[in-house]
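Colleague: heads up, no residue letters with this:
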Ligand SMILES: C[S@@+](CC[C@H](N)C(=O)[O-])C[C@H]1O[C@@H](n2cnc3c(N)ncnc32)[C@H](O)[C@@H]1O
């Protein structure tokens, strides 16, 4: 499973404070919690999960940080550890040649949502939105290549929605109430886990 989280103002550079993450990082904390929800289980890492964080804030934006469960090492569930990982990774200048691996399972690229979506190849794309069709009835979400795109605490902007529509994204919802992105991810992976057991 792949998740793409679009951070409209999350900093794409390493110049944020670990002691004041929410305000100094443009709410990168929201996106880091999405990594935890998508990739970390009680005793390990989901090796089949990949998360893309689209970082739209600060002088180096836009950039995309990709974390791949198949090869990631030393991923820890606490926000501070994930922030340290992001900060070290974002200190690297990726250039314009696509994703550059900066540590095992972690890569950075210059560019925005399109860069993440291009990296997904021909995967079916799902835009998560409270008004979307019910996830529980949705066919094909257990496809290992399926991709799910979420907004940050401020939701999607018009450009992101247009990009996703142009790429044929199907809109899915996990229920009528607007939730935090990390909680939406927990519900999506739970539904996929349940289908895998059937
Ligand atoms: C905190 S919400 C964004 C809230 C923002 N103020 C807005 O109105 O869009 C973060 C993201 O979680 C996803 N989301 C929230 N609730 C959802 C739901 N019930 N079903 C599917 N996705 C949801 C959406 O992708 C949303 O952009």
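Modeller: Here it is on my side, so go on. It should be emphasised that the depicted structure is a prediction, and the values quoted were computed from it without experimental measurement.
Colleague: for stretch 84-97, buried residues please.
Modeller: By 16 or more other CB atoms under 10 Å, the buried positions in stretch 84-97 come out as 85-87, 89-90, 94. No exception for glycine: its C-beta is placed from N, CA and C like everyone else's.
Colleague: just those now: which is nearest residue 27?
Modeller: The nearest member of the buried residues of stretch 84-97 to residue 27, counting by CB to CB, is residue 86 at 12.5 Å.
Colleague: quick check: the closest one vs the ligand, distance?
Modeller: From residue 86 across to the ligand, the span is 19 Å (CB to the nearest ligand atom, to the nearest Å).
Colleague: list of residues touching stretch 62-72?
Modeller: Residues outside stretch 62-72 that contact it (CB atoms under 8 Å, 6 or more residues apart in numbering) are 12, 35, 39, 45-56, 75, 86, 89-90, 94, 99, 104-112, 115-116, 119.
Colleague: please list only the buried members of those.
Modeller: The buried subset of the contacts of stretch 62-72 - by 16+ other CB under 10 Å - is 12, 35, 39, 45-46, 49-56, 75, 86, 89-90, 94, 99, 105-112, 115-116, 119.
Colleague: among these, name the ones in strands.
Modeller: Counting by DSSP state E, the buried ones among the contacts of stretch 62-72 place 45, 50-56, 106-110 in strands.
Colleague: closest to the ligand out of these?
Modeller: Using CB to the nearest ligand atom, residue 54 comes nearest to the ligand of those, at 12.2 Å.
Colleague: from residue 111, how far out is that closest one?
Modeller: According to CB to CB, to the nearest Å, residue 54 and residue 111 sit 9 Å apart.
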